[in-house]
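J.: With the input below, show me the fold.
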Amino acid sequence: MKRSTALFLALLFLCTTSCAQREQVENLPPVKSTQSPQLGPDASMAELFPEDQGPTWEEGRTLDVALPGDYNGLELPIQGATGYASVQLPLWAAVEDAEAAAQAVADWEAAEAARLTEEQSAQASASLPLPSTAAPAPSGISTGAAAAPGVTAGAAAAVLPSPAPSASSAAPAVEETPQTQPPETAPVPETAPASESRIPEATPPASSFQTEPSAPAESPAAETAPAETLPAETLPAETLPAETLPAETTPPEETTPPEETAPPTLTDGALTLLPSGTPFTVLREEGEWWQISVEADYYAGEAQTDLRHGELTGWVEHRYCLVNLPDVIPSILYDATNSYASLFVTCGKSIPEVTGQAFYPGRTYNQRLGREEFMMPVLYAMAFKLCQVQRAALSEGNCLVLYEGYRPSQVQTKVYNAVAAMVRSDPEVKASVADPPWNISWFIAGGYSNHQRGYAVDVSLAKVSNVEDLAVNGYRYLQVTEYELYTMPTPIHELSQAAATFTVPVNSLSATAWLTAELSGSMNEPALGLQRYCTEAGLTPLASEWWHFNDLDAHSLIVNNQGRGDFLISSIRSVIPV
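T.: Model prediction:
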């Protein structure tokens with residue numbers, strides 16, 4: 001009796017919840033969720049997802065309807081769509097202002113590089129070794145046997161920088177340098193020959209100034225200019241080591257440091273900096289730029305008070321922007337399950353505080369489409385490839401079902417921590433999630449994943465049985481109204497090896513490594529069809545999840561400034577395209 005009552009109450013609760021959700025998604029064909037049943041810990045994959053569920057895959061099937069319009073590679077024009085800043089973005093009054101800022105930075109960097117090169121060259125010159133003793137001697141000084149009386153070649157170089165001694169000099173400069181002993185083969189004669197130069201009486205005592213044999217007669221300099229009286233200025237510059245110069249010969253350095261100026265930045269001259277996650281309306285596109293309209297509250301300039309209740313327009317670089325996919329590819333079926341009841345499970349088991357949770361806002365009214373719809377942003381560059389995928393699927397009577405694009409980092413962290421806790425406590429989960437060659441990060445990244453960057457999607461496939469031909473302000477598009485979800489290897493967001501695309505991990509940053517990887521035995525025809533649609537459009541599969549595809553080309557556009565998923569998507573600003 002108690003069991004019957006409990007079952008009745010559970011069914012009543014499910015019916016009530018289901019009715020409430022239907023009321024929220026009025027005016028939109030219901031998406032048949034692939035939410036996993038809540039089974040016990042010993043449930044098998046066959047019980048989790050019976051093989052007889054879902055339609056049969058038919059090769060060569062086509063729809064009896066023309067494909068949706070192609071407006072510069074999308075189903076609807078970008079004008080009027082909602083965009084979001086994936087990172088902090090400067091808003092410019094004109095594109096030329098951004099180009100001027102970039103040029104100023106480039107010029108400054110070039111000047112800095114030249115200055116550093118010059119400084120390094122100067123430092124290298126200052127650290128060069130003293131010249132060889134074989135270098136030419138100044139006037140009156142020769143090397144070897146012809147050296148000036150009392151000075152060897154080495155001693156001459158050592159004492160030359162010193163000032164000439166005078167009669168009043170108590171401590172001549174030559175005493176600061178080591179004494180140079182005369183060669184043993186050249187003893188000093190007891191009586192100096194007549195040709196030997198005489199040492200003036202003002203000359204330092206012999207104990208501090210050694211003598212050598214007389215210089216040759218043909219050297220007049222030896223007779224008139226003793227080495228110790230030679231002025232330093234007669235020496236070549238390269239023979240004067242800086243460290244031996246008298247202090248008074250070095251001019252004092254400037255004591256007042258030069259005024260430092262801040263280097264230019266890539267945001268100099270911008271109207272304001274839009275925080276990551278800022279929603280805006282795209283007004284028009286020119287090359288790599290969007291002209292956008294944003295609430296004046298995001299303006300940080302002096303006119304903020306006057307514009308607070310208005311709109312601010314400017315230009316942003318669209319490679320760093322997300323676009324709301326339903327605004328530009330409305331024929332895709334969107335089911336952001338993480339916005340109302342997360343489907344994350346592992347080994348068919350519920351993940352505490354994750355499975356069934358709502359992590360961010362869900363459907364909201366979309367003025368552009370005239371109905372409630374999920375908010376599903378990805379990088380603008382990726383939208384074009386997803387449009388190719390959808391056109392290929394529709395041409396064969398199929399349709400994409402998109403579960404998630406952008407994912408906030410707080411959701412990523414919450415799921416990772418919860419799965420990591422199960423790995424530590426549940427041997428079955430550990431074996432399927434963390435045992436080699438796999439590890440937990442293949443199924444849920446602990447840091448920033450491609451979902452936070454904006455170039456990853458979680459997507460499945462449905463078989464279409466009916467579509468409706470619609471138009472917005474003259475722009476035609478298709479709306480899928482009847483369909484069946486295909487049976488895939490596992491339910492969406494099953495975090496375990498059961499969901500793996502390939503038998504072993506494959507480099508996720510390579511656009512070609514997957515081509516030689518061995519497919520998992522669970523990859524069935526619908527999963528292979530989904531992979532074909534996506535990879536032919538230029539997306540790359542993930543080895544551990546049959547539903548996950550990356551756009552590595554979009555990644556290359558933002559690799560120097562990637563988003564971190566530090567915001568929630570909670571509003572749209574879409575308007576009817578003009």
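J.: ranges for the helices of this protein?
T.: Assigned by DSSP state H, the chain shows helices spanning 2-24, 45-48, 95-126, 153-159, 221-224, 304-307, 325-328, 380-395, 409-425, 427-433, 450-453, 525-536, 552-558.
J.: most tightly surrounded among the ones you listed?
T.: Among the helices of the chain, ranked by average contacts under mean count of other Cβ atoms under 10 Å, first place goes to helix 325-328 (a mean of 29). The C-beta positions use only the backbone N, C-alpha and C, and glycine is treated the same way.
J.: so what secondary structure elements neighbour it?
T.: Packed against helix 325-328, as judged by 3 or more Cβ pairs under 8 Å, 6 or more residues apart in numbering; DSSP states H and E, are the following elements: helix 380-395.
J.: still on that earlier bit, for T487, which of the helices of the chain is the nearest?
T.: The closest of those to T487 is helix 525-536. By Cβ to Cβ, the value is 6.6 Å.
J.: how far off helix 380-395 does that closest one point, in degrees?
T.: Compare the direction of helix 525-536 with that of helix 380-395 by axes from the mean of the first three to the mean of the last three Cα atoms, to 10 degrees and you get 130 degrees.
J.: Run through who's touching helix 525-536.
T.: Taking contacts as Cβ atoms under 8 Å, 6 or more residues apart in numbering, the residues outside helix 525-536 that touch it are 54, 57, 388-389, 392-393, 396, 398, 400, 459-461, 486-489, 501, 514, 519, 523, 541, 546-547, 549.
J.: circling back: can you say which of the helices of the chain is nearest to R284?
T.: R284 lies closest to helix 95-126 among the helices of the chain, at 12.0 Å (Cβ to Cβ).
J.: and that closest one, average pLDDT?
T.: Taken as a whole, helix 95-126 has a mean pLDDT of 92.
J.: which secondary structure elements does it contact?
T.: When contacts are defined as 3+ Cβ pairs under 8 Å, 6+ apart, helix 95-126 packs onto strand 311-317.
J.: hmm, who's touching the strand it packs on?
T.: Contacts for strand 311-317 (Cβ under 8 Å, 6+ apart): 83, 85, 89-95, 98, 271-272, 274, 280, 283, 288-296, 298-299.
J.: Go ahead and build a ChimeraX selection from the buried members of those residues.
T.: This is how ChimeraX selects the buried members of the contacts of strand 311-317, with burial counted by 16 or more other Cβ atoms under 10 Å:
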select :83,85,89,90,91,92,95,98,271,272,274,280,283,289,290,291,292,293,294,295,296,298,299
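J.: Let's see which of the contacts of strand 311-317 end up in strands.
T.: When strands are assigned by DSSP state E, the members of the contacts of strand 311-317 inside them are 83, 85, 89-91, 272, 274, 280, 283, 289-295.
J.: Tell me the one of the residues you listed nearest E112?
T.: Checking those one by one against E112 (Cβ to Cβ), the nearest turns out to be P90, at 22.2 Å.
J.: So for the closest residue to that closest one other than its chain neighbours, what's the pLDDT?
T.: In space, not counting the residues next to it along the chain, P90 is nearest to A270; the distance is 3.6 Å by Cβ to Cβ, 6 or more residues apart in numbering. At A270, the pLDDT value in this model is 96.
J.: Give me the neighbour count for A270.
T.: Applying other Cβ atoms under 10 Å, we find 22 residues neighbouring A270.
J.: close enough to count as contact, it and A101?
T.: Yes: counting by Cβ atoms under 8 Å, a contact exists between A270 and A101, whose distance comes to 7.5 Å.
J.: Could you list the low-pLDDT ranges of the stretch 301-450 of the chain?
T.: Of all residues in the stretch 301-450 of the chain, those with pLDDT under 70 make up the ranges 301-309.
J.: and if we set it to 50?
T.: In the predicted model of the stretch 301-450 of the chain, residues 303-308 satisfy pLDDT under 50.
J.: How about the stretch 101-250 of the chain?
T.: Judged by pLDDT under 50, the stretch 101-250 of the chain has its weakly predicted residues at 134-247.
J.: cutoff 70 now
T.: In the stretch 101-250 of the chain the weaker segments, taking pLDDT under 70 as the threshold, are 129-250.
J.: any chance of the helices of the chain in JSON lines, with distance to Q79 too?
T.: Converted to JSON lines, those look like this (distance: least, Cβ to Cβ, whole Å):
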{"stretch": "helix 2-24", "distance to Q79": "29"}
{"stretch": "helix 45-48", "distance to Q79": "45"}
{"stretch": "helix 95-126", "distance to Q79": "17"}
{"stretch": "helix 153-159", "distance to Q79": "80"}
{"stretch": "helix 221-224", "distance to Q79": "91"}
{"stretch": "helix 304-307", "distance to Q79": "23"}
{"stretch": "helix 325-328", "distance to Q79": "10"}
{"stretch": "helix 380-395", "distance to Q79": "13"}
{"stretch": "helix 409-425", "distance to Q79": "31"}
{"stretch": "helix 427-433", "distance to Q79": "45"}
{"stretch": "helix 450-453", "distance to Q79": "26"}
{"stretch": "helix 525-536", "distance to Q79": "27"}
{"stretch": "helix 552-558", "distance to Q79": "21"}
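J.: still on that earlier bit, tell me which two of the ones in strands among the contacts of strand 311-317 sit farthest apart.
T.: W289 and E295 (20.0 Å).
J.: just to revisit the earlier point, and the residue nearest to P90, how far from G314?
T.: In this structure, A270 and G314 are separated by 8 Å, where distance is defined by Cβ to Cβ, to the nearest Å.
J.: Mutual contacts of these two, please.
T.: With contacts taken as Cβ under 8 Å, 6+ apart, A270 and G314 have L91, W92 as neighbours in common.
J.: Distance-wise, check I78 relative to G348.
T.: From I78 across to G348, the span is 42 Å (Cβ to Cβ).
J.: Looking only at neighbour counts, state which of the two leads.
T.: A side-by-side neighbour count of I78 and G348, using other Cβ under 10 Å, places G348 first with 25 against 22.
J.: wait, that one sits on L495?
T.: No: look at G348 against L495 with Cβ under 8 Å: they stay out of range, at 10.4 Å.
J.: What count of nearby residues applies to S465?
T.: S465 has 13 neighbours, counted by other Cβ under 10 Å.
J.: next one: the one 3 residues further on
T.: The burial count assigned to E468 is 13, neighbours taken as other Cβ under 10 Å.
J.: Identify the residues contacting it.
T.: Under the criterion of Cβ under 8 Å, 6+ apart, the contact list for E468 reads L478, Q479, T481.
J.: thought the first one was touching G69?
T.: No: counting by Cβ under 8 Å, L478 sits too far from G69 to count as a contact (9.0 Å).
J.: Have a look at the two and say which one is more surrounded.
T.: Neighbour comparison, L478 and G69: the larger count goes to L478, with 22 against 15 (by other Cβ under 10 Å).
J.: could you measure the more buried one against Y403, distance?
T.: Using Cβ to Cβ, one gets 20 Å for the distance from L478 to Y403.
J.: go on, D64?
T.: Per Cβ to Cβ, D64 is found 28 Å from Y403.
J.: how many other residues sit next to S510?
T.: Using other Cβ under 10 Å: S510 sits among 11 other residues.
J.: what's the answer for E372, then?
T.: Neighbouring residues of E372 were enumerated by other Cβ under 10 Å; the total is 15.
J.: which residue packs closest to it, ignoring adjacent ones?
T.: For E372, ignoring the flanking residues on the chain, the nearest one in space by Cβ to Cβ, 6+ apart is R363 at 4.5 Å.
J.: which phi and psi does that neighbour have?
T.: Phi and psi for R363, reported as degrees, to the nearest 10, are phi -70, psi 150.
J.: what's the closest of the ones in strands among the contacts of strand 311-317 to A471?
T.: Within these, distances to A471 taken as Cβ to Cβ reach their minimum at L283, with 21.4 Å.
J.: What separation is there between the residue lying closest to the closest one once chain neighbours are set aside and E118?
T.: Residue nearest to L283 in three dimensions, not counting chain neighbours: Q291, with 4.5 Å by Cβ to Cβ, 6+ apart. Separation of Q291 from E118 (Cβ to Cβ): 43 Å.
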